[in-house]
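1. Sequence and predicted structure below; questions after.
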Amino acid sequence: MRAFIGSRGTSRRTAKTSATKAKKMVAHRLTYTVTATIYEAVPGQTDNEPFVTADNSRIKRHFGTKKRWMALSRDLLKPWGGHFNYGDKVRVRGISPKLDGVYTVHDTMNRRHRHCMDILAHPSEKLDIFTKGVKIQKVASR
């Protein structure tokens, strides 16, 4: 059977096949609206091991927001029925130009929080953030 050759020299069958493959490769990425806060690796804001995250990553003593680590509330994490895993890259928009960007999920927030995210910061940065309406979206892995 002959395939119809289009004006660009490709057959309909080839164009349809490549369009189907492209749709399969595009991951469906949900956007969540959360409340963003800052946390510091100090015993009053964490558990009794402030330099060890929920995924057992070690926080170096001279860390800061440039490290781009975050904690999510349990309702957003897969072990509790959410869509994010530890190690996922998450795009954050709506805090500030300095703090918006891509973060890595390394920690879990206290169970009382719902639809929240925490950005890891150093105490010397003196950040105090409580921002509602922040958008987060999983970055597609390649």
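-> In hand now; what should we look at? Numbering: from 1, shown residues only.

2. distance of the most centrally placed residue in the chain from L72?
-> Taking CA atoms, centre = their mean, the centroid of the chain lies closest to V90, which sits 1.8 Å from it. Distance of V90 to L72, computed by CB to CB, to the nearest Å: 8 Å. C-beta: built from backbone N, CA, C; applies to glycine.

3. any common contacting residues for those two?
-> The contact sets of V90 and L72 overlap at F84, V105, M117 (CB atoms under 8 Å, 6 or more residues apart in numbering).

4. I'd like to know which elements the host helix or strand of the last one is packed against.
-> With secondary structure defined by DSSP states H and E, M117 is part of strand 116-121. The elements that strand 116-121 packs onto, with contact taken as 3 or more CB pairs under 8 Å, 6 or more residues apart in numbering; DSSP states H and E, are strand 31-40, strand 69-72, strand 89-93, strand 101-108.

5. Give the rounded mean pLDDT of the helix or strand following it.
-> Downstream of strand 116-121, the next assigned helix or strand under DSSP H and E is strand 130-138. What strand 130-138 shows for mean pLDDT is 95.

6. Do I have it right that E40 meets A121?
-> Yes: between E40 and A121 there is a contact at 5.8 Å, judged by CB atoms under 8 Å.

7. Mind checking which of the two has more residues around it?
-> In this view E40 and A121 are compared by other CB atoms under 10 Å, and A121 has more residues nearby, 23 against 17.
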